[in-house]
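Colleague: this one's structure only:
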């Protein structure tokens, strides 16, 4: 129950962590033992056809249904507001059926949008300043725009994914006005919960996590990432400012355009994935709600982590 007296629906279990930390396996084990389903909280897994590069669990290997994947065309501009609406519909359906939803992913904004009382404006507000930055993002790419913000307001840049050109443009607009997105965002973090959400974060030794990232990227290339990107480009990948900027896709696309070699693309994917993992870890630390589970040879196995989550949550299947 909240301080306002509202009884929160739930419980909703959330498994978060940096990329390559094993979130999907742990979340599936939890959902399987509870007879429930996993809701992916990943801004890129929503797109159809983006499978290998987003580490989407193949259909034949899924232990339980995986929801909120393959719900949008890659040329669509999928938003946190749309994700909130669709994810809550799935969660509410599971709760009505007396099943415990298991959320899994590393897109912090999307998770917050679902489990917190976050409202999105119904209209689209714009300004000459924001329009100018959005056009610059389309011309030079979202990461160049993010680097501009990082130079002007590093605290705000640390809160925003470099691929989120719209939010970066908004932060630059605020900087022009002498305001900070980071300060504004901190106020928003004091919003009320929407669900009785219980969060666990998977933690690894940094060197081991980076080794897992390296192996994952090598596995992606061996599994056909280049062919996947080539096929998606033939279907309009380059027309999507969001999907085309996803890690793995933008680097391989550059190689297919002849701008870099495939070996260089592979190394850039590894580097950019490590950087993304750092941003995810920063988000988890700032949020402060997650119970940390140490994974690895000196920590928990996926099975042990799943059991710990179930035991600590006090829920049963």
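Modeller: That came through, no problem. Please read these numbers as outputs of a predicted model, since none were measured by experiment.

Colleague: for the longest helix seen in the chain, name the packing helices and strands.
Modeller: Longest helix in the chain by number of residues, with DSSP state H as the criterion: helix 262-287. Applying 3 or more CB pairs under 8 Å, 6 or more residues apart in numbering; DSSP states H and E, one finds that helix 262-287 contacts helix 108-115, helix 206-222, helix 249-256. The C-beta positions use only the backbone N, C-alpha and C, and glycine is treated the same way.

Colleague: give me the buried positions along it.
Modeller: 265-266, 268-270, 272-274, 276-277, 279-281, 283-284 (16 or more other CB atoms under 10 Å).

Colleague: next, give me the two most distant ones among those.
Modeller: By the measure CB to CB, 265 and 284 form the most distant pair in these, at 28.6 Å.

Colleague: which residues of the stretch 51-200 of the chain fall in strands?
Modeller: Taking DSSP state E, counting those that start in this stretch as the criterion, the stretch 51-200 of the chain contains strands spanning 66-67, 102-104, 197-203.

Colleague: among the ones you listed, which is the most enclosed?
Modeller: Ranked by mean neighbour count, the strands of the stretch 51-200 of the chain are led by strand 102-104 with a mean of 27 (mean count of other CB atoms under 10 Å).

Colleague: show me the contacts for the residue nearest the centre of the chain.
Modeller: Centroid check for the chain by CA atoms, centre = their mean gives residue 107 as the closest residue, at 2.2 Å. By CB atoms under 8 Å, 6 or more residues apart in numbering, residue 107 lies in contact with 41-43, 161.

Colleague: please report the distance of it from residue 280.
Modeller: Counting by CB to CB, to the nearest Å, the gap from residue 107 to residue 280 is 9 Å.

Colleague: who's in contact with residue 100?
Modeller: Counting by CB under 8 Å, 6+ apart, residue 100 has contacts 11-13, 34, 36, 94, 313, 315, 317.

Colleague: now restrict those to buried residues only.
Modeller: By neighbour count, with 16+ other CB under 10 Å, those hold 11-13, 34, 36, 94, 313, 315 as buried.

Colleague: ok, residues contacting the helix or strand that the longest helix of the chain is followed by?
Modeller: Sequence-wise, the next helix or strand beyond helix 262-287 is strand 291-294, with elements assigned using DSSP states H and E. Residues outside strand 291-294 that contact it (CB under 8 Å, 6+ apart): 198-204, 299-300, 305, 308-309, 312.

Colleague: any idea which of the residues you listed is closest to residue 29?
Modeller: residue 305 (7.9 Å).

Colleague: from the contacts of residue 107, which one has the minimum pLDDT?
Modeller: Within the set of the contacts of residue 107, pLDDT is lowest for residue 161 (73).

Colleague: what's near enough to touch it?
Modeller: With CB under 8 Å, 6+ apart, residue 161 has these contacts: 43, 107, 109, 167, 276, 279.
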